[in-house]
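Asks: Compute the structure for the input listed below.
(3 chains)
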Amino acid sequence: MEAPPVLKAVGLSKSYKVGHIRRRLRPALQGLDLEVRRGEIFGYLGPNGSGKTTTLKLLMGLLRADAGEVQVLGRPWLDPAWRYQVGYLPENPYLYDYLTPREYLDYVGRLFGLSSRERAERGRALLERLGLSHVAAVPLRRFSKGMLQRVGLAQALVNDPELLILDEPMSGLDPVGRRLVRDLILEQKAAGKTVLFSTHILPDAEALCDRVAVLRGGRLLDAGPLSQILKLDVSHMELLAAGLDAARLEDPAIRVRQALGERWRLEVEERSLGAVVRAVEAAGGRILAVQPIRQSLEDYFFKELGGGSAGPWGGAD
Amino acid sequence: MKWRDGLLVLGLGAAMVAAQVWLDQSRGSLTAGDPSLYLWTGTQVKRMVPGFESLFADIYWLRTVQYFGGQRAFAQNQRFELLYPLIDITITLDPRLEIAYRYGATFLAEPRPVGAGEAEKGIAILERGVAALPDNWRLRQDLGFLTYLFLHDAERAARILDEAADKPGAPYWLRTLAADLLVKGGERQAARRMWRQMYEQAEEGIIKENARRQLRQLDALEGADALTALVAELTRRTGRKPASLADLEASGLAKGALVDPSGTPYEYDSTTGKVRVSQRSVLWRP
Amino acid sequence: MGRGRLSRILAVAANTFRETVRERVLYNLVFFALLMTLSGLLLAQLSIRQDEKIIKDLGLAAMDLFGSMIALFIGVSLVSKEIERRSLHPLLAKPLGRDEFFLGKFFGLAFTLLVNTSAMAAGLFLTLLATGRSANPGLVGAIYAIFLGLLLVVALAMLLSSVTSPALSAIGTLGLVIVGRFSDVIRNMREVVPGAPDWLVKILYYAIPNFRNFDFKEQAAYGDPIPLSTLGQVTLYAAFYVGLALAAGLASFRSRDFE
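Replies: Numbers count the residues shown, from 1 in each chain, chains lettered A, B, ... in the order given. As a prediction, this is how the structure comes out:
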């Protein structure tokens, strides 16, 4: 027997009114169906302006949907009970200038009805886990964007949620921060929790997600395991090498040679990978990376849809 | 959802209005003014509102008008002790506000319950007005009127009216009025003309009402005098004083109902033979 | 769940209090209010009589003026700022109802105003004490009435700011507060504008918040007692109007989209 989905949305739609005199309707989301299963890390992908943030805001109740039904953790959307088990991090969170992280987490804890002991304990633990213990009593207005993001994550975890919903959690973070977020998401999965996060950066999704959904122009294009959606060409590998003039390498297995500044990108038949590696080393070069050839998200859009994407300024997100 | 909200808002709105009505009843129809408004003298206020004198003159003027009525009957808690300070501040802030001088002076001079009964203060206000607006004939006219009607100083009044007659736009009859004042026996005539002028110059409102009443009072007095003369005539003819006004009526000397302009019957004192206005009449004056 | 609601509202209120109390503008305004009260001492020296009255007048006027400015400033930013800055977003995702949030904000500011008004009242009493005078019950009544007026300013500010932009709601609230102080002029409008139709005057008079209701400064300054029944009626009026403004503001806030 399959467990019920942790999140289920059917026919979710939202349009915005645009303009002051003659109000036109601009659709931001049209008939979205989405399902997130228990214990998975679900990536919600799409270019900027595709409606990802709109979707998440609709789920959390910040926006009113025009149509659609949502169930969270098996409960109807209007039932406030599921909110006790869900954590949400909005994009670019802004918190209160004059509160300290400790006070903020205490406040959030009160909204969940946690006892003062629980609040203190959870607050301390989260601040430590997110590396904020040393600034626990510093007013939030002094925090950098990266640190605010961490506090944002902390508040999303105060209630130890079954389902964590994150909107562009890695945006604006430095590599240390990104690593922290990635580890945290993996930790959640290891603890049996479910994570849904949106991003437009493919490598993040690749590294973490079990399944993804792809959104564009307010419509769901596809959903399923990432490898299914973004075709992997496993018969060929991509090789990144440096320190040699690969133009002089002679090997019929090398299908493509591309110079990227001081480095070379080679596409090689998989079965000849070993031989090419040896040839590179023999020529005095270094192998930097080897990976299967994959489509980029942009390629996918371009190719699958036969046309430009919505563009950086088009549509709500 | 929207239904419930709308109902709640309406319900609270109705309750709010009810509370306001209740509050108004117990606090009187005019709530008290800010004490800071009349705490200071005119000069002090003027110093405090540089650049906004005209605006504040308007505000004080509005307050004055509210307190002392216009169209409607007297407000319930008139506070005459406020009248002089309010007028003082108003005309200090805006010395060219003619209506404030005239209105203020009239209300200050009129005896209670119409006005404050402080004729000297009213005269003082007008004197300031005459100083501030020297070519204004109306202010001098009012000054002359008040001087005669309330201070009973015919000579001074005549002089002032003469000055008024010299000012641009002054009507011709001011000079004859001034002359009348100096003639013995012309007082009532002069008074009548003054009240007539005030009646005609005033806009609808308390001042006009008051002038109308003054004229009717004069009419009542004249009616009483006329009847007294008729009584004297009847006495002369019959050799004795009539016992009552009914006798006068019966004699045919007096035509029409023997009532004053308000419809109240005159009173007759058979011992002195004098007819006077009944104390019960609204036109009675001490 | 009733207890949960209350504790959440209180949590929002406490947080609002904490946040507003740390805004520096608040301190500046309270400081100026106290300054104005103290200047009453100076002026009292200059005048021959009425020194007690001057101190009370200035003190109450300061409380009213600066209290209104605080109420306006914070009332508008309470909701607007949260919406604009989006600090609201993570909170609404929690099991926190929108009305709980809205009401909590109001109570938080009400409490802030209570603290401010008390501080300014203390300043006034101390100033009076310095001249050897004491406060009379009428003074406390007048202060209470001023406080009620401030609550109404906040409720109006919150209503307007949940409907329109912060700038417009600030202007609108300010306009209502100023016009509301001339309620008696409106009521007697026909004295000055005889042509005004009676029904229009009545509607305007009752609709516009009547801030004159909260003005007992004269009685307090002259030492008159203020009847408790009158204060009770004023409280009723304030309660109903505040309720009305909050209900309307809530209705708008509940159905809003937060982009």
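
Asks: Around residue B:207, how many other residues sit close by?
Replies: For residue B:207, the count of nearby residues is 22 (other C-beta atoms under 10 Å in any protein chain shown). C-betas here are computed from N, CA, C, even on glycine.

Asks: closest point of the stretch 151-300 of chain A to chain C, which residue?
Replies: Closest residue of the stretch 151-300 of chain A to chain C, C-beta to the nearest C-beta: residue A:155 (5.7 Å).

Asks: Any idea how many residues pack against that residue?
Replies: 26.

Asks: what sits against the residue lying closest to it once chain neighbours are set aside?
Replies: Nearest residue to residue A:155, sequence neighbours excluded (C-beta to C-beta, 6 or more residues apart in numbering or on different chains): residue A:108, at 4.8 Å. Shown in contact with residue A:108 (C-beta atoms under 8 Å, 6 or more residues apart in numbering or on different chains): A:155, A:158, C:90, C:91, C:94.

Asks: mind listing the strands for the chain?
Replies: Going with chain A. Taking DSSP state E as the test, the strands found in chain A are A:7-18, A:24-36, A:41-45, A:67-72, A:75-76, A:86-89, A:163-167, A:194-199, A:211-216, A:219-225, A:232-242, A:254-260, A:263-269, A:286-294.

Asks: oops, chain B please
Replies: Using DSSP E, the strands found in chain B span residues B:267-269, B:274-276.

Asks: can I get these in a markdown table with mean neighbour count?
Replies: What follows is those, written out as a markdown table (neighbours: other C-beta atoms under 10 Å in any protein chain shown):
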| stretch | mean neighbour count |
| --- | --- |
| strand B:267-269 | 18 |
| strand B:274-276 | 19 |
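
Asks: Any chance of TSV for those, columns distance to residue C:179?
Replies: As requested, these are arranged in TSV below (distance: least, C-beta to C-beta, whole Å):
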stretch	distance to residue C:179
strand B:267-269	54
strand B:274-276	54
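
Asks: tell me which helix or strand of chain B sits lowest on mean pLDDT?
Replies: Sorting the helices and strands of chain B by mean pLDDT, DSSP states H and E puts helix B:35-39 at the bottom, at a mean of 47.

Asks: Tell me how far the residue in the stretch 51-200 of chain A that chain B sits nearest to lies from chain C.
Replies: Across the stretch 51-200 of chain A, the shortest distance to chain B (C-beta to the nearest C-beta) belongs to residue A:64, at 11.5 Å. According to C-beta to the nearest C-beta, to the nearest Å, residue A:64 stands 6 Å off from chain C.

Asks: which residues sit in contact with the closest residue to that residue other than its chain neighbours?
Replies: In space, and not counting its chain neighbours, residue A:64 is closest to residue C:257: 6.0 Å by C-beta to C-beta, 6+ apart. Contact analysis of residue C:257 by C-beta under 8 Å, 6+ apart lists A:62, A:63, A:64.

Asks: any chance of those residues in JSON lines, with neighbour count and pLDDT too?
Replies: Output for the contacts of residue C:257, formatted as JSON lines (neighbours: other C-beta atoms under 10 Å in any protein chain shown; pLDDT from 0 to 100):
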{"residue": "A:62", "neighbour count": "22", "pLDDT": "91"}
{"residue": "A:63", "neighbour count": "22", "pLDDT": "91"}
{"residue": "A:64", "neighbour count": "13", "pLDDT": "90"}
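
Asks: which element is residue C:138 on?
Replies: Counting by DSSP states H and E, the element that carries residue C:138 is helix C:137-161.

Asks: So for that helix, mean pLDDT?
Replies: Mean pLDDT, helix C:137-161: 93.

Asks: what's the next secondary structure element after it?
Replies: Helix C:137-161 is succeeded, C-terminally, by helix C:166-181 (DSSP H and E).

Asks: Is any residue of that next one near chain A?
Replies: No. Helix C:166-181 does not reach chain A (C-beta under 8 Å from any C-beta of the partner chain); its nearest approach is 13.9 Å.

Asks: Tabulate the strands of chain A in TSV, adding columns for mean neighbour count and mean pLDDT.
Replies: Shown next, in TSV, are the strands of chain A (neighbours: other C-beta under 10 Å; pLDDT from 0 to 100):
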stretch	mean neighbour count	mean pLDDT
strand A:7-18	17	89
strand A:24-36	18	88
strand A:41-45	25	92
strand A:67-72	18	92
strand A:75-76	12	91
strand A:86-89	26	95
strand A:163-167	24	95
strand A:194-199	25	93
strand A:211-216	24	88
strand A:219-225	16	86
strand A:232-242	16	74
strand A:254-260	12	78
strand A:263-269	19	84
strand A:286-294	14	81
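
Asks: now these in CSV, with distance to chain C?
Replies: Putting the strands of chain A into CSV (distance: least, C-beta to the nearest C-beta, whole Å) gives the following:
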stretch, distance to chain C
strand A:7-18, 8
strand A:24-36, 10
strand A:41-45, 16
strand A:67-72, 11
strand A:75-76, 12
strand A:86-89, 4
strand A:163-167, 8
strand A:194-199, 13
strand A:211-216, 18
strand A:219-225, 20
strand A:232-242, 36
strand A:254-260, 40
strand A:263-269, 42
strand A:286-294, 34
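
Asks: quick one, domains of chain B?
Replies: The record's domain split for chain B, according to automatic domain parsing, is B:35-211, B:223-276.

Asks: May I see those domains arranged in TSV, with distance to residue C:65 as well?
Replies: What follows is those, written out as TSV (distance: least, C-beta to C-beta, whole Å):
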stretch	distance to residue C:65
domain B:35-211	11
domain B:223-276	52
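
Asks: Give me whichever of the ones you listed is most buried.
Replies: Sort the domains of chain B by mean neighbour count, taking mean count of other C-beta atoms under 10 Å in any protein chain shown, and domain B:35-211 sits at the top with a mean of 18.

Asks: need the residues of the stretch 1-150 of chain C near chain A, please.
Replies: Residues of the stretch 1-150 of chain C lying close to chain A (C-beta under 8 Å from any C-beta) are C:4, C:7-8, C:11-12, C:14-15, C:18-19, C:22-23, C:85-87, C:89-97.

Asks: Which among the residues you listed count as buried?
Replies: Neighbour-count burial (16 or more other C-beta atoms under 10 Å in any protein chain shown) applied to the residues of the stretch 1-150 of chain C next to chain A gives C:8, C:11-12, C:14-15, C:18-19, C:23, C:86-87, C:89-97.

Asks: How many neighbouring residues does the residue nearest to residue C:23 when sequence neighbours are not counted have?
Replies: When the adjacent residues along the chain are set aside, residue C:23 lies closest to residue A:98, with 7.0 Å between them (C-beta to C-beta, 6+ apart). By other C-beta under 10 Å, the residues close to residue A:98 number 15.

Asks: Tell me the spacing between residue A:98 and residue C:92.
Replies: 20 Å (C-beta to C-beta, to the nearest Å).
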